[in-house]
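Peer 1: next comes the sequence, and after it the predicted model I'd like to discuss.
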Amino acid sequence: MINNYFTMPSHLARMRSSCVGPHLDGFIETLVERGYSALGVRRFIRPVAHFGHWADRTRTSIASWDEKTLGRFQVHLQRCRCEPNRGVFKLAIEHVEQFFEYLRAHAVIASVSRPAAAPRFAPISEQFGDWMRRHRGVTAGTLLLYQTVLRPFLVKLGQRPEYYTADKVRGFVVDCIGRLSRSRAHSTVTALRAFLRFLVAQGRVPAGLVLCVPKVPQWRLASMPRYLEAAELQRVVESCELKTSMGMRDYAILLLLSRLGLRAGDIVAMELDDIDWRRGTLRVRGKSRREVLLPLPQDVGDAMLAYIRHGRPAATGSRLFLTAQAPTQPFRGPSAVSSIVHAGLKRAGIVNPPSRGAHLLRHSAATAMLRAGGSLDAIAAVLRHQSSDTTRHYAKVDLTLLERMAQPWPGGAAC
């Protein structure tokens, strides 16, 4: 295996003869499976081979390799004169660390006994988070927001719900509203109501305590929808380079966002089995663990098929969309999809777009369906809105529809 990446016989013999030599082929195979190119493999192997020579010279047996060994090797790199480039490799320690992980996975060296991670939030907040995941199906991002904004409440009122009173809860909200922005204050009271409902379900506070949380004035859906015009949206989609695997992946994602109005989280969670090629449908896992079947347009299906056949890296997982650069893995979160949209906007030369995230294309899809004559009910079904009010938000961009929806002024008086 290593002969495919290094050709100089003396260099190969030197690497084979070191203490890491017997493990290089297996490590290279792992790197290839993770999607690294030939250049990437060579960048990994050089510092690993260097580490092997250093371990031989210092008589550091493989059975004793641990984090302290890495620390000693790092000190050596700072003054190394045993390699032509004086041994200072970029990311050398990180590459050797991954080699150590490979050896641990194959029981060559001892595993690291890491202490259990300390809980990120207070115990009662962790209980609340577990309850919200199991019973409400909230996403990790929403739960993180809730637990973060609850911290000041738990600091002020403590973690013993039996001492919570309506005056204390209301007083906390009134005090914090004056110091927070409107959106942050709204998030705080929303999280607080959810937390109190959790305590009610556990029988730890009376049911009426939820009602004492004041409301933060917020005019829902008061703003105009942020969207791109059809020509701009087409430029964003067509900006992808379809000759590369990354371009094929981004093209399929941008089509899904702009044609079906998917959320970034829908893209991240999508799996290969979600596509029914015979029936032409796509299963989407949305908020609150809801699953729906959406029709798969021909051009979207063609783009996804081209990515799967010619652009998707070889991987054992079931997630549909993977990172284009090694290590090959599923997207870590919705921000990766928003980054693809942001890059598309930049390539298309769209200056000062209304926003730069994935939701911009969702709004654009809804606006395009409305202007094409789609009914609000049909748009709500595609976008999976739980409330019809959310769909009516897009009617603001259609003046003709607004005229049909407008109600006469009471009494016929002029406004």
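Peer 2: Now that the structure is in, tell me what you want to look at. Everything quoted here is computed from the prediction, not taken from an experiment. Residues are numbered from 1 along each chain as shown.

Peer 1: can you pull out the strands in the chain?
Peer 2: Residue ranges of the strands in the chain, as given by DSSP state E, are 275-276, 281-285, 291-295.

Peer 1: please identify the most buried of those strands.
Peer 2: Across these, the average number of neighbours (mean count of other CB atoms under 10 Å) peaks for strand 281-285, which reaches a mean of 18. For every residue, glycine as well, the C-beta is placed using N, CA and C.

Peer 1: what lines up beside that strand in the sheet?
Peer 2: With DSSP bridges as the test, strand 281-285 is paired with strand 275-276 (antiparallel), strand 291-295 (antiparallel).

Peer 1: how far off centre is that strand?
Peer 2: 19 Å (CA atoms, centre = their mean, to the nearest Å).

Peer 1: quick check: mean pLDDT of that strand?
Peer 2: Averaged across strand 281-285, the pLDDT comes to 90.

Peer 1: ok, stretch 361-379 next?
Peer 2: For stretch 361-379, mean pLDDT rounds to 78.

Peer 1: let the chain start at 8 from now.
Peer 2: Renumbered: residue one is now 8, and that last one reads stretch 368-386.

Peer 1: that one: end-to-end distance?
Peer 2: Stretch 368-386 has an end-to-end distance of 14 Å (CA to CA, to the nearest Å).

Peer 1: work out which residue lies at the spatial centre of this structure.
Peer 2: Gly340 (0.5 Å; CA atoms, centre = their mean).

Peer 1: hang on, that one packs against Ala276?
Peer 2: No: in this structure Gly340 lies outside contact range of Ala276 using CB atoms under 8 Å: 10.5 Å.

Peer 1: okay, and the common contacts of these two?
Peer 2: Residues touching both Gly340 and Ala276 (CB atoms under 8 Å, 6 or more residues apart in numbering): there are none.

Peer 1: okay, the strands paired with strand 288-292 in JSON lines with distance to Val207 and mean pLDDT next?
Peer 2: What follows is the strands paired with strand 288-292, written out as JSON lines (distance: least, CB to CB, whole Å; pLDDT from 0 to 100):
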{"stretch": "strand 282-283", "distance to Val207": "42", "mean pLDDT": "95"}
{"stretch": "strand 298-302", "distance to Val207": "29", "mean pLDDT": "87"}
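
Peer 1: what's in contact with stretch 164-180?
Peer 2: Against stretch 164-180 from outside (CB under 8 Å, 6+ apart): 129-131, 159-160, 163, 195-196, 199, 203, 206, 211-212, 215-216, 219-221.

Peer 1: from memory Val243 sits against Leu352, does it?
Peer 2: Yes: taking contacts as CB under 8 Å, Val243 lies within contact range of Leu352: 6.0 Å.

Peer 1: coming back round to it: quick one: contacts for the closest residue to the residue nearest to the centre of the chain other than its chain neighbours?
Peer 2: In this structure, Gly340 finds its nearest non-sequential neighbour in Val275, 6.4 Å apart by CB to CB, 6 or more residues apart in numbering. By CB under 8 Å, 6+ apart, Val275 lies in contact with 326, 328, 337-338, 340-341, 343-344.

Peer 1: tally of neighbours for Arg270?
Peer 2: 20 (other CB atoms under 10 Å).

Peer 1: surely it is in contact with Gly293?
Peer 2: Yes: between Arg270 and Gly293 there is a contact under CB under 8 Å: 7.2 Å.

Peer 1: residues contacting the closest residue to Leu267 other than its chain neighbours?
Peer 2: Spatially, and ignoring its direct neighbours in sequence, Leu267 is nearest to Leu301 (5.7 Å; CB to CB, 6+ apart). Neighbouring residues of Leu301 by CB under 8 Å, 6+ apart: 267, 288-291, 389.

Peer 1: likewise for His317?
Peer 2: Here His317 is in contact with 252, 255 (criterion: CB under 8 Å, 6+ apart).

Peer 1: could you do Ser325 as well?
Peer 2: Counting by CB under 8 Å, 6+ apart, Ser325 touches 278-280.

Peer 1: what's it sitting at in phi/psi?
Peer 2: phi -100, psi -10 (degrees, to the nearest 10).

Peer 1: ok, it to Val119 distance?
Peer 2: Distance of Ser325 to Val119, computed by CB to CB, to the nearest Å: 29 Å.

Peer 1: so where is this structure shaky, pLDDT-wise?
Peer 2: For the chain, the stretches flagged by pLDDT under 70 are 89-97, 120-124, 225-232, 294-296, 393-422.

Peer 1: pull the number of nearby residues for Ala310.
Peer 2: Other residues within reach of Ala310 by the criterion other CB under 10 Å amount to 25.

Peer 1: quick check: it touching Arg256?
Peer 2: No: applying CB under 8 Å, one finds Ala310 not in contact with Arg256, separated by 9.4 Å.

Peer 1: which neighbours do these two have in common?
Peer 2: With CB under 8 Å, 6+ apart, Ala310 and Arg256 have no common neighbours.

Peer 1: now do the end-to-end distance for stretch 175-195.
Peer 2: Using CA to CA, the distance between the terminal residues of stretch 175-195 is 15 Å.

Peer 1: mind listing what's buried in that stretch?
Peer 2: 176, 179-180, 183-184, 192-195 (16 or more other CB atoms under 10 Å).

Peer 1: same check on stretch 242-250?
Peer 2: 242-244, 246-247.

Peer 1: and that stretch, how far from the chain's centre?
Peer 2: 22 Å.

Peer 1: what sits up against it?
Peer 2: 235, 254-255, 257-258, 261-262, 265, 313, 348, 351-352, 354-357, 368.

Peer 1: just those residues: which are in helices?
Peer 2: Taking DSSP state H, the ones among those that sit in helices are 254-255, 257-258, 261-262, 265, 313, 348, 351-352, 354, 368.

Peer 1: of these, closest to Glu101?
Peer 2: Asp257 (27.4 Å; CB to CB).

Peer 1: any idea how far that closest one is from Trp72?
Peer 2: 41 Å.

Peer 1: pretty sure Leu269 contacts Val291?
Peer 2: Yes: using CB under 8 Å as the test, Leu269 is close enough to Val291 to be in contact (6.5 Å).

Peer 1: and for those two, which residues touch both?
Peer 2: Common neighbours of Leu269 and Val291 are not found (criterion: CB under 8 Å, 6+ apart).
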